[in-house]
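A.B. asks: Take a look and give me a structure for this.
(one chain, ligands or ions: 1)
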Amino acid sequence: MKSKKIILGVNIDHAATLRQVRGGTTTYPHLSHLVKLVKAGGGKQITIHLREDRRHIQDHDVKILCKKSVLPINLEMAVSEEMLRIALMNKPAWVCFVPEKRAELTTEGGLNITKVLTEIEKMTQVLRSQKIKVSYFIEPSIEQVKASAQANANAIEFHTGKWVLSKGVPKQKEWGRLKAAAQLAHELGLRVHAGHGLDFEHAEKIRKLPHLHEVNIGHSLICYSLEMGLKKATQKMRACLQHK
Ligand code: PXP
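C.D. replies: Residues are numbered from 1 along each chain as shown. Below is the predicted model of the structure:
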């Protein structure tokens, strides 16, 4: 049997975190170069999150990547008028609405769609009228999937963080929630995406999720790329230091 192809979106926020860590005074790592490497590796999409506090991705990154990226851009953003304006200006292929708290280390949970239903429905309509596809980052819950269909999203992205971090019975329970929510999403015509905390081990497991179309993976991939690439970079630095 032919195995299904799951789209890999690569989140490069943490490459931007490394670049910004010296107050934005370095130009490396160059995000457009990384996009080309992701494409060469078979990645099909680039995911970036423009946070309110601009801790990693900057406005100019959004502008340049949406214009010049060799892969489609999935722009994660909060449900806000400011972000809507930026999305409409830059026209990414996808917008993924995410919850955002200023002090959080990462996106800690899914968006509560029922709480923002009127706003998100309106924003989704505006974005879709401009041919921008829309997904919502939610917990794998039946209530959230139903609300997402009501607000007319193209897709939902399940927050996999809880499943990744838990063990034993709670992990099995969370997997059950993911499966039931994925099944319902598919029946309601929503594309099924997943992401957060996925590493090599959990990538092998998540591919068994029914109807999974796409995953977005960031932190582990940026960490693995350091482990896999440091030898080559050290060799090049040594070559730079050799007298010719
Ligand atoms: N998908 C969404 C909606 C996210 O907010 C994030 C984290 O920024 C990811 C995927 C990627 O998560 P991680 O960096 O843990 O792989």
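A.B. asks: what packs against the top helix by length along the chain?
C.D. replies: When the chain is parsed with DSSP state H, its longest helix is helix 219-241. Where contact means 3 or more CB pairs under 8 Å, 6 or more residues apart in numbering; DSSP states H and E, helix 219-241 is packed against strand 7-11, helix 13-20. For every residue, glycine as well, the C-beta is placed using N, CA and C.
A.B. asks: and that helix with strand 7-11, angle?
C.D. replies: 60 degrees (axes from the mean of the first three to the mean of the last three CA atoms, to 10 degrees).
A.B. asks: so where's the chain uncertain?
C.D. replies: Scanning the chain with the threshold set as pLDDT under 70 gives 1-3, 244.
A.B. asks: Which residue ranges of it form helices?
C.D. replies: 13-20, 31-40, 59-68, 81-90, 117-129, 142-150, 161-165, 168-187, 200-206, 219-241.
A.B. asks: Dump the ones you listed to CSV, plus mean neighbour count and distance to Glu108.
C.D. replies: Shown next, in CSV, are the helices of the chain (neighbours: other CB atoms under 10 Å; distance: least, CB to CB, whole Å):
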stretch, mean neighbour count, distance to Glu108
helix 13-20, 19, 15
helix 31-40, 16, 25
helix 59-68, 15, 23
helix 81-90, 16, 18
helix 117-129, 16, 19
helix 142-150, 20, 15
helix 161-165, 19, 8
helix 168-187, 16, 15
helix 200-206, 14, 18
helix 219-241, 12, 14
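A.B. asks: now those helices as JSON lines including distance to Pro99?
C.D. replies: Compiled in JSON lines, the helices of the chain are given as follows (distance: least, CB to CB, whole Å):
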{"stretch": "helix 13-20", "distance to Pro99": "16"}
{"stretch": "helix 31-40", "distance to Pro99": "24"}
{"stretch": "helix 59-68", "distance to Pro99": "19"}
{"stretch": "helix 81-90", "distance to Pro99": "12"}
{"stretch": "helix 117-129", "distance to Pro99": "11"}
{"stretch": "helix 142-150", "distance to Pro99": "12"}
{"stretch": "helix 161-165", "distance to Pro99": "12"}
{"stretch": "helix 168-187", "distance to Pro99": "17"}
{"stretch": "helix 200-206", "distance to Pro99": "21"}
{"stretch": "helix 219-241", "distance to Pro99": "18"}
